[in-house]
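>>> Model the structure of this input:
(chains A and B)
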Number of protein chains: 2
Amino acid sequence: MPRLTLAIDAMGGDFGPCVTVPAAMQALASNSQLHLLLVGDPDNISSLLAKADSALLARLQIIAAESVIASDAKPSQAIRQSRGSSMRIALELVKEGKAQACVSAGNTGALMGLAKLLLKPLDGIERPALMTVLPNQQQGKTVILDLGANVDSDSAMLVQFAIMGAVMAEEVLSVPRPRVALLNIGQEETKGLSSIRDAAAILRELPEINYIGYLEGNDLLTGETDVLVCDGFVGNVTLKTMEGVVRMFLSLLKSQGEGKKRAWWMTLLGRVLKKRLAKRFGHLNPDQYNGACLLGLRGSVIKSHGGANQRAFTAAIEQAEQAVRRQVPERIAARLQAVLPKSD
Amino acid sequence: MPRLTLAIDAMGGDFGPCVTVPAAMQALASNSQLHLLLVGDPDNISSLLAKADSALLARLQIIAAESVIASDAKPSQAIRQSRGSSMRIALELVKEGKAQACVSAGNTGALMGLAKLLLKPLDGIERPALMTVLPNQQQGKTVILDLGANVDSDSAMLVQFAIMGAVMAEEVLSVPRPRVALLNIGQEETKGLSSIRDAAAILRELPEINYIGYLEGNDLLTGETDVLVCDGFVGNVTLKTMEGVVRMFLSLLKSQGEGKKRAWWMTLLGRVLKKRLAKRFGHLNPDQYNGACLLGLRGSVIKSHGGANQRAFTAAIEQAEQAVRRQVPERIAARLQAVLPKSD
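Model (predicted):
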């Protein structure tokens, strides 16, 4: 495998370098071809590297940044004042070709705006979208987008998300003629918002898209579709709802039977069974698939959860590695022109 | 307890009388004060009662209806052609005082429209909302609305939902000064749709409402709030997503370890543990709390899931019993005037 360089916004997210630096070391340890540019406050980052393995440090470089974009900053304002911030510098490294992709757990709106400004959308794409790949019940995977890049999406945007999602499923997940569905509140044609109904009418007429109709929230994990399209507000709430329920179940499983007096052999057997359950449900743990990919740009940008822990941020770095290896932006660009509605 | 009469739209839902009739018998068996008016096709209903206990049949009356509103009918059209339908007759029985509440698993839009037309909204309420009470992780309950009665909700509507939800939590769940939150995609004030930000600004100024800010999808079951407010589209997708994940977990738990060869004692112990897990998670089973209450009307209307099974439809009937016993519409009406913004 050829050398791979990623830029990491080390200051983004709720925990900043406390999470991003150990996660970076973990990612370096598991991929010997990986080089990382950690962008942020050099003192802060260095202090966390004091005890690090020197062999790993050889593949790590600190890039100084003076400021951090706050998670609660208004995106438009944050973007105007972004010069010198860790997020912007990380994106500039991608723009200048010094890194092949960028990972940030910072302000979503600012990341979206800055990425669009610096890396530019692909021809024919109005608005990039945040996409993730969820494991489903049929041992397959489902591409879901938009997850919050566009709070308000009209029908034309939904159609573009559908096209990008289909290309993603076909080219990256190797699903031939992927099924594409719109998330709605019922399966009947008359249901839902007019933007969704209009998008359905357009998708039905696109021969390049295998549009299968509406799906509802309960189909998120059933594997009924390969691509599920929704506006950014609904996608964000839906994904977080799912994660909240999964986390609750995993924590209930973990605490099951604790604090109760039991025969030792029962406790032991209980543990064995719980381990098996955890293994069975583990792939649904949100930490495992943290990292949403900003699709539709001339470069790869991965948005991590703001509240990501070390394990979750490492998963986001690995997503960036995959996006680069599988040439996601290049493949989308190449397929997009054939699939995009001719009227564009 | 005084006698209680409910009107059941026996023809509504995906399975019609096959589910509603046995559920009605189950509800009659568990409450000796309950009387039911089953509205629908007499032949169809009677054939399902052939082997029923005559003591229960004494508290059941069949009311003939000529037609059924299809689940996929366009609400406006369905309402125009609703005369003689099982749903409309069930609502008319409430309007005429012959039943104290109505339960239907039929077309949501039609039920909402017909209920508003026949039972009329309370003074000060523009649009009724679908509400349900979810069990949360802190052994408490969370009122969530709207779940799909209003696909597009502006800020004034969100404020009215918040007020109705708060009254519901205070008067019916006995929560003093219930916390009220808006569902959004971030906790910062600048986040989300303008309708939500505007509703937040109004709620912050209402002294009668204990408004605590925005919550996200992952807080649905955490018990961070007593009332969670959102528009009908988002509420519907969110609830269905939650239900889909919960059902998946329950079915995985059930099938765990099946088909594997094991020592008999391990199989046995596995079963014991699974039973305990099922007990622990059972209260989250969507069938247990099926039935959303249409709030804001001069009468009680319970909407069951279209796909409800017998157990779930019985739960919806029990919800209607509770709504009547706790005088939900009367209490909301009484409190509403004091709480509603004076500008209305």
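
>>> which residues are contacting the helix or strand harbouring A:Gly113?
Taking DSSP states H and E as the criterion, A:Gly113 maps to helix A:108-119. Applying Cβ atoms under 8 Å, 6 or more residues apart in numbering or on different chains, the set of residues contacting helix A:108-119 from outside is A:69, A:73-76, A:78-79, A:82, A:87-88, A:91-92, A:94-95, A:102, A:104, A:127-128, A:130, A:148-149, A:294, A:297-299, A:301, A:303, B:186. The C-beta positions use only the backbone N, C-alpha and C, and glycine is treated the same way.

>>> now the strands: where do they sit in the stretch 1-150 of chain A?
Under the criterion DSSP state E, counting those that start in this stretch, the stretch 1-150 of chain A carries strands at the ranges A:4-9, A:34-40, A:60-64, A:101-104, A:129-135, A:141-145.

>>> can you put those strands in JSON lines and add mean pLDDT and distance to chain B?
Below are the strands of the stretch 1-150 of chain A laid out as JSON lines (pLDDT from 0 to 100; distance: least, Cβ to the nearest Cβ, whole Å):
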{"stretch": "strand A:4-9", "mean pLDDT": "97", "distance to chain B": "18"}
{"stretch": "strand A:34-40", "mean pLDDT": "97", "distance to chain B": "22"}
{"stretch": "strand A:60-64", "mean pLDDT": "97", "distance to chain B": "28"}
{"stretch": "strand A:101-104", "mean pLDDT": "97", "distance to chain B": "16"}
{"stretch": "strand A:129-135", "mean pLDDT": "90", "distance to chain B": "11"}
{"stretch": "strand A:141-145", "mean pLDDT": "93", "distance to chain B": "11"}
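
>>> Pick the most deeply packed of those.
Ranked by mean neighbour count, the strands of the stretch 1-150 of chain A are led by strand A:101-104 with a mean of 30 (mean count of other Cβ atoms under 10 Å in any protein chain shown).

>>> so how many other residues sit close to A:Arg298?
18 (other Cβ atoms under 10 Å in any protein chain shown).

>>> neighbours around A:Ser46, how many?
By other Cβ under 10 Å, 14 other residues sit near A:Ser46.

>>> Quick check: A:Asn285 vs A:Gly13, distance?
18 Å (Cβ to Cβ, to the nearest Å).

>>> and A:Gly213, what are its phi and psi?
Note on A:Gly213: its backbone torsions stand at phi 110, psi -160 [degrees, to the nearest 10].

>>> shouldn't it be in contact with A:Ala200?
Yes. Assessed by Cβ atoms under 8 Å, A:Gly213 is found in contact with A:Ala200 at 7.4 Å.

>>> Quick check: neighbours shared by those two?
Common neighbours of A:Gly213 and A:Ala200 (Cβ under 8 Å, 6+ apart) are A:Leu182.

>>> Run a quick neighbour tally on A:Ile163.
The burial count for A:Ile163: 27, using other Cβ under 10 Å.

>>> and the helix or strand harbouring it, average pLDDT?
Per DSSP H and E: A:Ile163 is located in helix A:155-171. Mean pLDDT, computed over helix A:155-171, is 91.

>>> List the contacts of stretch A:92-104.
By Cβ under 8 Å, 6+ apart, stretch A:92-104 touches A:4-9, A:12-13, A:37, A:39, A:63, A:87, A:90-91, A:111, A:115, A:118-119, A:291, A:299-304, A:313, A:316-317, A:319-321, A:323-324.

>>> circling back: comparing A:Asn285 and A:Gly13, which shows the higher neighbour count?
A:Gly13 (27 against 18).

>>> so that one sits right up against A:Lys303, yeah?
No. A:Gly13 lies out of contact with A:Lys303 (Cβ under 8 Å); the separation is 10.2 Å.

>>> what touches both of these two?
A:Ser104, A:Ala105.

>>> and A:Leu49, what is it in contact with?
A:Val21, A:Met25, A:Leu57, A:Leu60.

>>> how does it look with 10 Å?
By Cβ atoms under 10 Å, 6 or more residues apart in numbering or on different chains, the residues touching A:Leu49 are A:Pro17, A:Val21, A:Pro22, A:Ala24, A:Met25, A:Leu38, A:Leu56, A:Leu57, A:Leu60, A:Ile62.

>>> okay, among these, which ones form the most distant pair?
A:Pro17 and A:Leu56 (15.9 Å; Cβ to Cβ).

>>> Those two - which one has more neighbours?
Neighbours per residue (other Cβ under 10 Å) separate A:Pro17 from A:Leu56, with A:Pro17 holding more: 25 against 18.

>>> Can you give me every residue that contacts that one?
Contacts of A:Pro17 by Cβ under 10 Å, 6+ apart are A:8, A:10-11, A:23-24, A:38, A:40-41, A:43-49, A:86.

>>> picking up where we left off before, the more surrounded of A:Gly213 and A:Ala200?
Neighbour count, other Cβ under 10 Å: between A:Gly213 and A:Ala200, A:Ala200 has more, with 22 against 17.

>>> how near is that one to chain B?
15 Å (Cβ to the nearest Cβ, to the nearest Å).

>>> what about that residue, helix or strand, and which?
Judged by DSSP H and E, A:Ala200 forms part of helix A:194-204.

>>> for the record, mean pLDDT for that helix?
So the average pLDDT for helix A:194-204 ends up being 94.

>>> Look at A:Gly235 and report its pLDDT.
pLDDT, A:Gly235: 95.

>>> where's it, which helix or strand?
helix A:232-255.

>>> pull the CA atoms of that helix into PDB?
The C-alpha coordinates for helix A:232-255 follow below in PDB (Å, rounded to 0.1, in the frame of the first residue of the first chain):
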ATOM      1  CA  GLY A 232     -30.100  17.000   7.100                       C
ATOM      2  CA  PHE A 233     -32.400  17.800  10.100                       C
ATOM      3  CA  VAL A 234     -34.300  14.500   9.900                       C
ATOM      4  CA  GLY A 235     -31.200  12.500   9.200                       C
ATOM      5  CA  ASN A 236     -29.400  14.000  12.200                       C
ATOM      6  CA  VAL A 237     -32.300  13.400  14.600                       C
ATOM      7  CA  THR A 238     -32.800   9.900  13.300                       C
ATOM      8  CA  LEU A 239     -29.200   8.800  13.500                       C
ATOM      9  CA  LYS A 240     -28.900  10.200  17.000                       C
ATOM     10  CA  THR A 241     -32.100   8.500  18.100                       C
ATOM     11  CA  MET A 242     -30.800   5.200  16.800                       C
ATOM     12  CA  GLU A 243     -27.500   5.700  18.600                       C
ATOM     13  CA  GLY A 244     -29.200   6.700  21.800                       C
ATOM     14  CA  VAL A 245     -31.300   3.500  21.800                       C
ATOM     15  CA  VAL A 246     -28.400   1.300  20.900                       C
ATOM     16  CA  ARG A 247     -26.200   2.800  23.700                       C
ATOM     17  CA  MET A 248     -29.000   2.300  26.200                       C
ATOM     18  CA  PHE A 249     -29.400  -1.300  25.200                       C
ATOM     19  CA  LEU A 250     -25.600  -2.000  25.400                       C
ATOM     20  CA  SER A 251     -25.400  -0.300  28.800                       C
ATOM     21  CA  LEU A 252     -28.400  -2.300  30.100                       C
ATOM     22  CA  LEU A 253     -26.800  -5.500  28.800                       C
ATOM     23  CA  LYS A 254     -23.600  -4.600  30.600                       C
ATOM     24  CA  SER A 255     -25.300  -3.800  33.900                       C
END
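
>>> now the angle from that helix to helix A:155-171?
50 degrees (axes from the mean of the first three to the mean of the last three Cα atoms, to 10 degrees).
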